[in-house]
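> Below is the sequence, then the predicted model.
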There are 2 protein chains.
Amino acid sequence: MLKAERHQYIMDKLLEEQKVVTSDLALALDLSEDTVRRDLNELDSKKLLKKVYGGAISIQEKTDNIFSININAEEQKKKIVTKALPLLHDGQVIIMSGGTTNLVFARLIPEDLKVTIYTYSLPIAMQLSQHPNIDLIFIGGKMQKNAMVTIGMDVVQVLSKIKADICFIGASSININQGLTEIGYEVSIVKKAMIEASDKVVSMFSSNKLNTRMPHVVCELSQLDTIVTELETDDPRLEEYKKLGVNVV
Amino acid sequence: MLKAERHQYIMDKLLEEQKVVTSDLALALDLSEDTVRRDLNELDSKKLLKKVYGGAISIQEKTDNIFSININAEEQKKKIVTKALPLLHDGQVIIMSGGTTNLVFARLIPEDLKVTIYTYSLPIAMQLSQHPNIDLIFIGGKMQKNAMVTIGMDVVQVLSKIKADICFIGASSININQGLTEIGYEVSIVKKAMIEASDKVVSMFSSNKLNTRMPHVVCELSQLDTIVTELETDDPRLEEYKKLGVNVV
DNA sequence: ATTAAAATTGCAATAGTTTGCGTTTTTTAT
DNA sequence: ATAAAAAACGCAAACTATTGCAATTTTAAT
């Protein structure tokens, strides 16, 4: 992995989570913490983030009366989510996690689709509020302010009581051995509940998330029905996933 | 292989993979790494990619996505909510309804205030997510998409189980006889529950809401502790309200 | 076709970067 | 105060880039 790639990865992560932790990045990227620190310091000196003890936080101009969400590589994300649109059908009950890929997905849901969507992400809910034909239900609870999602027992409890046809789950990291892993424990718990509540589990992410890992396991690959990336379905990097029975789109 | 062909190959690869590695390209194109580097440098100077140590990365765009909310008479609202700021104290448990006045209020909450806030409004929650010291709890439920608030039994139920020190309630309409009234039935129910859950009830609104009415009653004036408007406290339009025991700020 | 100039290519030596490790220093939280 | 975690520092090994140069190929004009 190129250094510049790592930098992109870090900035990407920062956009999603508002902060990054040195040790988590070292784990995710399979690097020494030294190198991560050097990366963070470099990005700091370029004023792209603010290095703090233990990691880094994003520097974002105070948004005044506007809620702005930065999306990295939006074109790529559009490509990914477009491939997932055929999975949607009238009448479905859907659960959506947070993340910018899901946000792009939310925006591209056809106007005439009539579905019920549960979400626990503020930006996703804001986006879906614009949609004329969606029954939208927000799952409340304690807010994880950086990611703008609710977490905790309340969320899990609501999820345990619903039964969805399909869920679209964002991924921070995925690899063959651990499967889907998350940076935060709380979020991993919520995602587990989400998977439990859904007949079908779909995860959309860009290929740079492949073969990275985070501390908290969400689920094994066997629990994923479909993964959607920007890659061609015959790309060698997806081979192992297909072997394990995951549907690759 | 012609140079132009190679360039095309590199750009194709880049489009697909977001990055190229010098050594891989040299191998794939059966060229020396020197030549590949020269190619990459050339493409870099044409701004078609970004040359980095070890290879090159695609120039990735970062789009800004805005959920914008129009706030009418923002200056006036700032004036109103500023008068309410002294009601806030560390340690309070607070409930906030939706509305743009409350949104402006949320934005002006001092950075160092440590409180717990319950809300059922997406924009309010988004705004409060930016605040470093607030414990934020979102009350989930079915979304009323236009107003971007949750409504219904779920919301009422959560509200019935909490006890807040103070609530800040937006007002569609207020008058002496009916008190606070709302345009939507669902919202009126939620606001009732909110008032029930709070020791102290504060409503902020501009004076043009005075002496108007809507179909659904929220509460009588006697249940309001404090109203905050842009008017001077001795303004004759507020006289009647003061007489009924409402604190006027 | 021939030829000279210009561009391209690979090589080798040199220079510069990156990275992980051991050690020391600083920071944080108890 | 003290212990634990994180950061900084210096170093060596591995990797990547730059440079000048000679050999080769391409281009363009007679």
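It's in.

> where does chain A have its least confident helix or strand?
strand A:66-72 (a mean of 83; mean pLDDT, DSSP states H and E).

> what does it rub up against?
A:8, A:11-12, A:15, A:60, A:77, A:100, A:103-104, A:123, A:126, B:60, B:62-69, B:123, B:126-127 (CB atoms under 8 Å, 6 or more residues apart in numbering or on different chains). Heads up, the C-betas are built off the backbone N, CA and C, glycines and all.

> Could I have the PyMOL command that selects the buried members from the residues you listed?
To isolate the buried members of the contacts of strand A:66-72 in PyMOL, using 16 or more other CB atoms under 10 Å in any protein chain shown:
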select buried, (chain A and resi 8+11+12+15+77+100+103+104+123+126) or (chain B and resi 65+67+69+123+126+127)
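
> Can you tell me the closest non-neighbouring residue to residue A:171?
Nearest non-adjacent residue to residue A:171, counting by CB to CB, 6 or more residues apart in numbering or on different chains: residue A:205, 4.1 Å away.

> near DNA strand D, which residues of chain A?
Proximity of chain A to DNA strand D (CB under 7 Å from any atom of the strand) is limited to residues A:22-23, A:33-34, A:37, A:41, A:51-55.

> which ones among the residues you listed are found in strands?
Mapping the residues of chain A next to DNA strand D onto strands (DSSP state E) picks out A:51-52, A:55.

> Could you single out the nearest of those to residue B:235?
Proximity of these to residue B:235 (CB to CB) peaks at residue A:52, which lies at 48.6 Å.

> I'd like the distance between the closest one and residue B:156.
According to CB to CB, to the nearest Å, residue A:52 and residue B:156 sit 41 Å apart.

> more crowded one of these two?
residue B:156 (20 against 13; other CB atoms under 10 Å in any protein chain shown).

> Counting neighbours, what do you get for whichever residue of chain A sits closest to DNA strand C?
Nearest to DNA strand C in chain A, going by CB to the nearest atom of the strand, is residue A:35, at a distance of 3.1 Å. Counted with other CB under 10 Å, residues neighbouring residue A:35 total 15.

> contacting residues around it?
residue A:26.

> Please apply the same query to the one 4 residues further on.
Taking CB under 8 Å, 6+ apart, we find residue A:39 in contact with A:3, A:6-7, A:10, A:25.

> looking at this, it is in a strand?
No. Under DSSP: H, G, I helix; E, B strand; the rest coil, residue A:39 falls outside any strand and is assigned helix.

> mind checking the SS state of residue A:31?
Quick answer, by three-state DSSP: residue A:31 is coil.

> Touching, it and residue A:25? I think so.
Yes. Residue A:31 is in contact with residue A:25 according to CB atoms under 8 Å; the separation is 7.5 Å.

> Have a look at the two and say which one is more surrounded.
residue A:25 (25 against 15).

> Ramachandran angles for that one?
Backbone torsions of residue A:25, given as degrees, to the nearest 10, read phi -60, psi -40.

> same thing with residue A:113?
According to degrees, to the nearest 10, residue A:113 has phi -70, psi 130.

> what's in contact with stretch A:124-137?
A:67, A:96-98, A:102-103, A:106-107, A:109, A:111-119, A:138, B:67, B:122-123, B:126, B:140-143, B:145-146, B:148.

> can I get the CA coordinates of that stretch in CSV?
What follows is stretch A:124-137, C-alpha atoms only, in CSV (Å, rounded to 0.1, in the frame of the first residue of the first chain):
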residue,chain,number,x,y,z
ILE,A,124,-29.3,9.2,6.2
ALA,A,125,-32.6,10.2,7.8
MET,A,126,-32.2,13.7,6.5
GLN,A,127,-31.6,12.5,3.1
LEU,A,128,-34.5,10.1,3.1
SER,A,129,-36.7,12.8,4.4
GLN,A,130,-36.6,14.3,1.0
HIS,A,131,-37.9,11.2,-0.6
PRO,A,132,-41.7,11.3,-1.3
ASN,A,133,-42.6,7.7,-1.0
ILE,A,134,-40.5,6.3,1.8
ASP,A,135,-42.0,5.5,5.2
LEU,A,136,-39.1,6.5,7.4
ILE,A,137,-38.5,5.4,10.9
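
> any idea what sits nearest the residue in chain A that chain B sits nearest to, other than its immediate chain neighbours?
For chain A and chain B, the shortest gap (CB to the nearest CB) falls at residue A:140, measuring 2.5 Å. Distance criterion CB to CB, 6+ apart; nearest residue to residue A:140, sequence neighbours excluded, is residue B:140 at 2.5 Å.

> so what's residue A:52 scoring on pLDDT?
Looking at residue A:52, its pLDDT reads 95.

> hey, what's it bridged with?
Per DSSP bridges, the residues bridged to residue A:52 are residue A:55.

> roughly how far apart are it and residue A:216?
Taking CB to CB, one finds residue A:52 at 22 Å from residue A:216.

> Just list whatever residues bridge to residue A:115.
Counting by DSSP bridges, the residues bridging with residue A:115 are residue A:134.

> That one contacts residue A:88, correct?
Yes. Counting by CB under 8 Å, residue A:115 does reach residue A:88; the two are 6.7 Å apart.

> quick one, what contacts residue A:102?
Contacts of residue A:102 by CB under 8 Å, 6+ apart are A:81, A:96, A:121, A:124, A:168, A:170, A:204.

> Please give the element, helix or strand, for it.
Take DSSP states H and E as the rule and residue A:102 turns out to sit in helix A:100-108.

> Could you check the angle that helix makes with strand A:66-72?
110 degrees (axes from the mean of the first three to the mean of the last three CA atoms, to 10 degrees).

> Just the C-alpha atoms of helix A:100-108, please, in PDB.
Presented in PDB, the C-alpha positions along helix A:100-108 are these (Å, rounded to 0.1, in the frame of the first residue of the first chain):
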ATOM      1  CA  THR A 100     -21.300   8.100   3.300                       C
ATOM      2  CA  THR A 101     -21.600   5.200   0.900                       C
ATOM      3  CA  ASN A 102     -25.100   4.600   2.300                       C
ATOM      4  CA  LEU A 103     -25.800   8.300   2.100                       C
ATOM      5  CA  VAL A 104     -25.000   8.300  -1.600                       C
ATOM      6  CA  PHE A 105     -27.200   5.200  -1.900                       C
ATOM      7  CA  ALA A 106     -30.100   7.000  -0.100                       C
ATOM      8  CA  ARG A 107     -29.900   9.800  -2.600                       C
ATOM      9  CA  LEU A 108     -30.100   7.500  -5.600                       C
END
